[in-house]
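Chemist: my questions are about this predicted structure, shown below with the sequence.
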Amino acid sequence: MAERGISGNALAKRAYCDRALISRYVNGKQPPSVKMARRLDDLLGAGGRLAALAAPPLFNGETTPEGRARLDWAVRNPRRVDGAAVDSLAVVLAAQRRAEDSLGSAAVLQPVLAQLRAIDELVTESRGQVRPALVHVAGQWAQFAGWLHTNTGHPAQGDASLSKALLWAVEAGEPDLISEVLSFQGHAAWVAGHPGPTVGLSQAAQRDPGVFPGQLAISAAQEAKARAMMREPGDVGRLLDQADEQAAAAAARPQDSPPWLYYHSPGFFALQRGLAYSYLADQPQYRSRAIAAIQVGHAQLPDGEQGSEWAAEYLTYLADLHALDGDGEQASAAALQAATVARRARSVRLLRMLAPVCARLAARWPSDPDVAALTEALRLPPRTPIRGAPPVIDRRGAFALQAP
């Protein structure tokens, strides 16, 4: 509505509904029906993004009508879940992951939690030969919920979801998923600014050499990031090289890759290298490496991921690096690109990351028109709903730790 310049009253008239109903949708007090969501999607030209948020009773995603019917039946008959229903759950989860790339974490959190509650009931009642496969998918769903909670500033809920995911992964006997959950627990520690637990959990995620090499790669890159926070540059380079080797090994075995690693690409690992070096950016050689790696990595991301909320975070880091390097023009350009994503996704996380960057740019280049444009871009229209208020690591803190 804000992007199209359409008020609640105007949209209600076009949709032939009450203004109060639109208000309840906007404020998350009432979900729309599938039919209404599609109508609003058409009226706002949302390209399917709004329609995707309106689920059948519990599940949505790129599954067939038969698959949705099977899932509805499974919820009503949890002790009779079969392999086909488990396969349909996996399809829905894959669609939810893709939806988060385009819509942001906050937009998909509540649908995912509603689905997870239903899956929890299925796991409780499940028995027989299908149970390991169901528990495996449930563990993946809980891990995804843990990521969403962490990314939207709910660390306690994220920890609870990841703990459940680890329990289910162990029961299912799935080493790749166990490694993934441990790695994400390390990510949660990094978000909280605790490099010690980040290192320990990342190492635990790499302990089983039999897991898929792509799984080992992301944990090695994460450990490198934490080592950089602790000012251990020798280990940073070694771990980043190890991550690249494992990523190359994974690329040679795409058929064996777990479904949750779909976002792994050369661009993604270049971004990890850049982020690790950014913690050493008080030294010019590391700063130049960080800038180059993030620029290359973001450019190499697939089209569907370049505009994602998580990819825009790296543009925020890049803006800070350019500012530290004295390049106000490049800093403003990177921050403005991230601000565009933040506005579209209504992302508090991105906005809070960008606010101090913008303030530093304005203090250093007060008359720069690009900085003024960035300041304007960070102003959301009045009464724009923004969910959550996550704590964000102050990127300048990484640089300030080494300042004279």
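Modeler: Thanks, I have it.
Chemist: strands of the stretch 151-300 of the chain, start to end?
Modeler: With DSSP state E, counting those that start in this stretch, there are no strands along the stretch 151-300 of the chain.
Chemist: might one say that D244 is in contact with F268?
Modeler: No. The pair D244 and F268 does not pass the contact test of Cβ atoms under 8 Å, sitting 11.5 Å apart. (Each C-beta comes from the backbone N, C-alpha and C, glycine too.)
Chemist: other residues contacting stretch 298-308?
Modeler: Residues from elsewhere that reach stretch 298-308, judged by Cβ atoms under 8 Å, 6 or more residues apart in numbering: 98, 100-102, 104, 263, 265-268, 270-271, 311, 314-315, 318, 341, 344.
Chemist: and stretch 2-14, by the same measure?
Modeler: Looking at what lies outside stretch 2-14 - Cβ under 8 Å, 6+ apart - the contacts are 1, 18-19, 21-23, 26, 40, 43-45, 343-344, 380-381, 384.
Chemist: and the residue nearest in space to the middle of the chain, what does it touch?
Modeler: Taking Cα atoms, centre = their mean, the centroid of the chain lies closest to W310, which sits 5.1 Å from it. Taking Cβ under 8 Å, 6+ apart, we find W310 in contact with 101, 151.
Chemist: how close does it sit to G104?
Modeler: Distance, W310 to G104, by Cβ to Cβ, to the nearest Å: 9 Å.
Chemist: so where is the stretch 1-150 of the chain shaky, pLDDT-wise?
Modeler: Residues of the stretch 1-150 of the chain that meet the criterion pLDDT under 70 lie in 47-49, 51-80.
Chemist: what about the helices in it?
Modeler: With DSSP state H, counting those that start in this stretch as the criterion, the stretch 1-150 of the chain has helices at 8-15, 19-26, 34-44, 65-76, 83-103, 105-125, 131-151.
Chemist: and the second one with helix 34-44, angle?
Modeler: By that I understand helix 19-26. 90 degrees (axes from the mean of the first three to the mean of the last three Cα atoms, to 10 degrees).
Chemist: how close does K13 get to V26?
Modeler: When distance is defined by Cβ to Cβ, K13 is 16 Å away from V26.
Chemist: the one helix or strand the residue nearest to the centre of the chain maps to - what's its average pLDDT?
Modeler: Counting by DSSP states H and E, the element that carries W310 is helix 309-324. For helix 309-324, mean pLDDT is 94.
Chemist: so which bits of the helix or strand following that helix are buried?
Modeler: For helix 309-324, the succeeding helix or strand toward the C-terminus, using DSSP H and E, is helix 328-345. Within helix 328-345, the residues scored as buried using 16 or more other Cβ atoms under 10 Å are 328, 330-339, 341-345.
Chemist: who's in contact with the nearest residue to A188 once chain neighbours are set aside?
Modeler: Spatial nearest neighbour of A188, excluding adjacent residues (Cβ to Cβ, 6 or more residues apart in numbering): T150 at 4.9 Å. By Cβ under 8 Å, 6+ apart, the contact list for T150 reads 158, 184, 187-188, 191.
Chemist: mind listing which of those residues are in helices?
Modeler: Secondary structure from DSSP state H places 158, 184, 187-188, 191 of those in helices.
Chemist: could I get these as CSV with pLDDT, neighbour count and distance to I294?
Modeler: As requested, the ones in helices among the contacts of T150 are exported to CSV (pLDDT from 0 to 100; neighbours: other Cβ atoms under 10 Å; distance: Cβ to Cβ, whole Å):
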residue, pLDDT, neighbour count, distance to I294
G158, 96, 23, 26
F184, 97, 26, 22
H187, 96, 23, 18
A188, 96, 21, 23
V191, 91, 19, 19
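Chemist: of the residues you listed, closest to A276?
Modeler: A276 lies nearest to H187 out of the ones in helices among the contacts of T150, by Cβ to Cβ, at 13.6 Å.
Chemist: tell me, how many residues neighbour the residue lying closest to the closest one once chain neighbours are set aside?
Modeler: Leaving aside its sequence neighbours, H187 sits nearest to Q222 (Cβ to Cβ, 6+ apart; 6.5 Å). Q222 has 28 neighbours, counted by other Cβ atoms under 10 Å.
Chemist: and for S102?
Modeler: The tally of other residues near S102 (other Cβ under 10 Å) stands at 19.
Chemist: touching, P259 and A95? I think so.
Modeler: No. At 11.3 Å, P259 does not count as touching A95 under the criterion of Cβ under 8 Å.
Chemist: shared neighbours of those two, anything?
Modeler: Common neighbours of P259 and A95, using Cβ under 8 Å, 6+ apart, do not exist here.
Chemist: buried subset of the contacts of stretch 298-308?
Modeler: Listed as buried from the contacts of stretch 298-308 are 98, 100-102, 104, 263, 265, 267-268, 270-271, 311, 314-315, 318, 341, 344; burial here means 16+ other Cβ under 10 Å.
Chemist: ok, Q157 - contacts?
Modeler: Q157 makes contacts with H149, as judged by Cβ under 8 Å, 6+ apart.
Chemist: quick check: phi and psi at the nearest residue in space to Y25 that is not next to it in sequence.
Modeler: Nearest residue to Y25 in three dimensions, chain neighbours excluded: P32, at 5.5 Å (Cβ to Cβ, 6+ apart). Main-chain dihedrals, P32, degrees, to the nearest 10: phi -80, psi 160.
Chemist: against R131, how distant is P32?
Modeler: As judged by Cβ to Cβ, P32 and R131 stand 35 Å apart.
Chemist: who's more crowded, those two?
Modeler: Using other Cβ under 10 Å, the more surrounded residue of P32 and R131 is P32, with 21 against 18.
Chemist: quick check, the more buried one in contact with I22.
Modeler: No. At 9.5 Å, P32 does not count as touching I22 under the criterion of Cβ under 8 Å.
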